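1. sequence-free structure coming up:
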């Protein structure tokens, strides 16, 4: 039977833990809001970009670009988006598990990894699969410099022929409580096709082909940016849920401990009373 | 009067009606007024100037992008762009310096192009500040 003092100590410990998890939950909520805003704010850009691409594809019959090149796949690159920090429930475990599943599929011996996030690195560093490059230090925030670096790096791999197929493994944000693991083809890019019939006659300056050449890298950038934004939003969403669960558990624990503490305290008082009463009884004799 | 929106991958920089617009098109500077014919063009490093409905002239530095005009709406997609008063002159000068140093040591064509591009961007910013301040 623990003494009331021991129980009080435990209560204090649990309360301070719950304060920490509460704070983390709040931080995650704020970051999530920011990440969602980010997605919203970058939407006009990517939508316009898509529109221009569709217009050009339908204006000039044959569009060619190095990014479209389909070739025999000798080397595949898988980009895995994880987080830098933990405490976000099963988020990283799920991503890593999916990555391993892909790596263990038959015919996956030619896959090389590009890792985004420290958690992914922590896991794959101890494994035998080849890692080409690691991007970390995002700390749960969007960083366009990193997005540019990563995009340039991947494009370079593909255009130089070091990789023939680049895929992205990331979590698609659905709602606060759910995200979906998704594997998306990045390179070669499938040119977006418009299903609407275009009636507008655009003036192109310079010619469509040149605009197209300039457009593709920017389009590739938005794909990577969207993937990262989705991954960040999922990370913060999961962390928020995990931390709110932890806070609730701590509160429950405080309740049970308080009950125990009161019982122990009452027990001690009863015992003392009994002693006093029986002592005086004995004296009266 | 027509609608102008300037967006970067990060955010919307400007969205309002304007009287006139001049952008650094792929084949040289081009002006846009109301009811311009549908147009798609690349943008080079340079200066975006537009006159808002109060006849106030607004100047921006851009590092390139695209413009699409249709139905009396001009949409500019920029890689980066900043308003004149957002330009940090000392930072631009540092960048110019770094780009020129980089230009001397680069070997690959891609690195060279990148250095030239960042030199252009820095020069553009500096020129604009000197021109209007």
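-> Great, that's in hand. Computed from a prediction, not measured in an experiment: that's the story for all the values here.
2. What separation is there between residue A:19 and chain B?
-> When distance is defined by CB to the nearest CB, to the nearest Å, residue A:19 is 35 Å away from chain B. From N, CA and C alone the C-beta is placed, and that goes for glycine too.
3. Check the separation of the first and last residues in stretch A:113-128.
-> Between the opening and closing residues of stretch A:113-128 lies a distance of 11 Å (CA to CA, to the nearest Å).
4. same thing with stretch B:52-63?
-> One end of stretch B:52-63 to the other measures 22 Å (CA to CA).
5. For that stretch, what is the distance to the chain centroid?
-> 11 Å (CA atoms, centre = their mean, to the nearest Å).
6. So which residues of chain A form strands?
-> Per DSSP state E, chain A carries strands over the ranges A:76-81, A:111-116, A:131-135, A:165-175, A:178-187, A:203-205.
7. winner for burial among those strands?
-> Among those, strand A:76-81 has the highest mean neighbour count (mean count of other CB atoms under 10 Å in any protein chain shown), at a mean of 24.
8. Which among the strands of chain A is found nearest to chain B?
-> strand A:203-205 (3.9 Å; CB to the nearest CB).
9. other SSEs contacting the closest one?
-> Applying 3 or more CB pairs under 8 Å, 6 or more residues apart in numbering or on different chains; DSSP states H and E, one finds that strand A:203-205 contacts strand B:39-43.
10. Report the next helix or strand after the strand it packs on in sequence order.
-> Following strand B:39-43 in sequence order, the next helix or strand is strand B:46-52 (DSSP states H and E).
11. and chain B, which of its residues are near chain A?
-> By CB under 8 Å from any CB of the partner chain, the residues of chain B that approach chain A are B:5, B:7-12, B:25-27, B:30, B:37-42, B:65-66, B:68, B:70, B:75, B:77, B:79, B:110.
12. out of those residues, which are inside strands?
-> Those of the residues of chain B next to chain A lying in strands (DSSP E): B:5, B:7, B:12, B:25, B:30, B:39-42, B:65-66, B:68, B:70, B:75, B:77.
13. ok, and the most crowded of the residues you listed?
-> Within those, most neighbours by other CB atoms under 10 Å in any protein chain shown means residue B:65, with 28 neighbours.
14. where does chain A have low pLDDT?
-> In the predicted model, chain A carries pLDDT under 70 at residues A:1, A:60-63, A:191-200, A:285.
15. So which elements touch the biggest helix by length in it?
-> If you go by DSSP state H, chain A has its longest helix at helix A:208-284. Counting contacts by 3+ CB pairs under 8 Å, 6+ apart, helix A:208-284 is packed against helix A:4-59, strand A:76-81, helix A:91-104, helix A:144-159, strand A:165-175, strand A:178-187, strand B:39-43, strand B:65-70.
16. Pick out the residue of chain B closest to chain A.
-> In chain B, the residue that lies nearest chain A is residue B:41 (3.9 Å; CB to the nearest CB).
17. That residue pairs with what?
-> residue A:205, residue B:67 (DSSP bridges).
18. Run a quick neighbour tally on residue A:227.
-> Number of residues near residue A:227 (other CB under 10 Å) recorded here: 23.
19. pretty sure it contacts residue A:167?
-> No - with contact taken as CB atoms under 8 Å, residue A:227 and residue A:167 are classed as non-touching, separated by 10.7 Å.
20. Overlap of the contact sets of those two?
-> residue A:184 (CB atoms under 8 Å, 6 or more residues apart in numbering or on different chains).
21. hang on, the earlier thing: ok, which of the helices and strands packed on helix A:208-284 comes nearest residue B:95?
-> Nearest to residue B:95 among those is helix A:144-159 (13.8 Å), distances taken as CB to CB.
22. and the angle for the closest one with strand A:76-81?
-> 170 degrees (axes from the mean of the first three to the mean of the last three CA atoms, to 10 degrees).
23. what's the distance between helix A:144-159 and the middle of its chain?
-> Using CA atoms, centre = their mean, the offset of helix A:144-159 from its chain centre is 19 Å.
24. Which strands or helices does that helix pack on?
-> By 3+ CB pairs under 8 Å, 6+ apart, helix A:144-159 packs against strand A:76-81, strand A:111-116, strand A:131-135, strand A:165-175, strand A:178-187, helix A:208-284.
25. what does the fifth one contact?
-> Think strand A:178-187. In contact with strand A:178-187 (CB under 8 Å, 6+ apart) are residues A:67, A:79, A:91, A:94-95, A:98, A:102, A:154-155, A:158, A:163, A:165-174, A:220, A:223-224, A:227, A:230, A:234, A:237-238.
26. show me what contacts the residue nearest the centre of chain B?
-> The centre of chain B sits closest to residue B:62, judged by CA atoms, centre = their mean, with a distance of 2.2 Å. Residue B:62 makes contact with B:24, B:43, B:45, B:46, B:47, B:48, B:78, B:79, B:80, B:81, according to CB under 8 Å, 6+ apart.
27. For the residue nearest to residue A:21 when sequence neighbours are not counted, the count of nearby residues, please.
-> Closest residue to residue A:21 apart from its sequence neighbours, by CB to CB, 6 or more residues apart in numbering or on different chains: residue A:246 at 4.2 Å. A count of neighbours around residue A:246, defined by other CB under 10 Å, yields 19.
28. same deal with residue A:235?
-> With other CB under 10 Å as criterion, residue A:235 counts 31.
29. Same check on residue A:52?
-> A count of neighbours around residue A:52, defined by other CB under 10 Å, yields 24.
30. and if you look at residue B:50?
-> 22.
31. Run a quick check on it versus residue B:22, I expect a contact.
-> Yes - counting by CB under 8 Å, residue B:22 is a contact partner of residue B:50 at 7.2 Å.
32. quick one, domains of chain B?
-> What automatic domain parsing lists as the domains of chain B is B:2-84, B:87-132.
33. Just say which of these is most tucked in.
-> Among those, domain B:2-84 has the highest mean neighbour count (mean count of other CB under 10 Å), at a mean of 18.
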